[in-house]
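> Quick one, fold the following:
(one chain, ligands or ions: 1)
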Amino acid sequence: MNRESTRRLILASASPRRKELMTSLQLEFEVLPSDTDELVPEDWSPEQVVKELALRKATAVQYHYITEVTDSIIIGSDTIVVLDKRIFGKPRDHDEAVAMLDALQGRSHYVYTSVACIDTSTGVTRVEYRRTLVHMKPLTPSKIQSYVLSGEPADKAGAYAIQGLGSTLIDKIEGCYFTVVGLPVSLLSDMLEQFGVQII
Ligand SMILES: Cc1cn([C@H]2C[C@H](O)[C@@H](COP(=O)(O)OP(=O)(O)OP(=O)(O)O)O2)c(=O)[nH]c1=O
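Residues are numbered from 1 along each chain as shown. Modelled structure (predicted):
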């Protein structure tokens, strides 16, 4: 039940992780995946990129399903991995996954995840992000190869999943675990409360 609110919640995402994490908040919601491109200017900061992409996903659903989403709150989210000034999204193929892990191994990087909320009845829009520092263990080339062959990296930013086999590659994190998995639920609950949706 969405306490103290009759508004529908719509998760603009095809990510099973996001659906699962939102389910953990015991909210009723629908899923309408968005189809957006993820091209952004090369000189944008990680903050700009991650906020823009979440907003783009939520906005795409707002306009694509214009008659279905009246009086709703649409939620979009995006996750990127940032190593120094390089931004990693999902790898295009096996070789790119190997290259990403080769760059990340033995080093620390940030995972940024944004949340965008659009209230379709008022047009009020908010977008925020959280970031978590992840320390990855040093990895041998053969370990990287066999991890990529597991298939897990294919649809994950930075080519790993902390919630899966990838957990064995991580030394420690500083910050919110859920930000790494793809949805900072604590941030989302704060944002939904600002829209009048009480979680607890
Ligand atoms: C770093 C990391 C990322 N990820 C995932 C979260 C996101 O689903 C994905 C990053 O890609 P995104 O483009 O953020 O999301 P998506 O394409 O999976 O879903 P949608 O755009 O429809 O919402 O990487 C993990 O599952 N575990 C991890 O440890």
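> only C-alpha atoms for contact and neighbour calcs from this point on.
Will do.
> Does the residue sitting furthest away from the middle of the chain lie in a helix or a strand, and which?
Relative to the C-alpha centroid of the chain, counting by C-alpha atoms, centre = their mean, residue 142 is the outermost residue, at 28.6 Å. Applying DSSP states H and E as the criterion places residue 142 in helix 141-149.
> Now look at the helix or strand where residue 51 lies and say if it contacts the ligand.
Using DSSP H and E, residue 51 sits within helix 46-64. No. Helix 46-64 does not reach the ligand (C-alpha under 6 Å from any ligand atom); its nearest approach is 6.9 Å.
> For that helix, which residues meet the burial criterion?
Buried residues in helix 46-64, counted by 16 or more other C-alpha atoms under 10 Å: 46-47, 49-62.
> Please compute how far the helix holding residue 142 lies from its chain's middle.
24 Å (C-alpha atoms, centre = their mean, to the nearest Å).
> how about the residues of the chain near the ligand?
With C-alpha under 6 Å from any ligand atom as the criterion, the chain meets the ligand at residues 13-15, 33, 77-79, 90, 155-158, 160-162, 180-182.
> contacting residues for residue 179?
111-113, 130-132, 185 (C-alpha atoms under 8 Å, 6 or more residues apart in numbering).
> In a markdown table, list those residues along with pLDDT and neighbour count.
Formatted as a markdown table, those follow (pLDDT from 0 to 100; neighbours: other C-alpha atoms under 10 Å):
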| residue | pLDDT | neighbour count |
| --- | --- | --- |
| 111 | 99 | 26 |
| 112 | 98 | 27 |
| 113 | 98 | 27 |
| 130 | 98 | 22 |
| 131 | 98 | 24 |
| 132 | 98 | 19 |
| 185 | 97 | 19 |
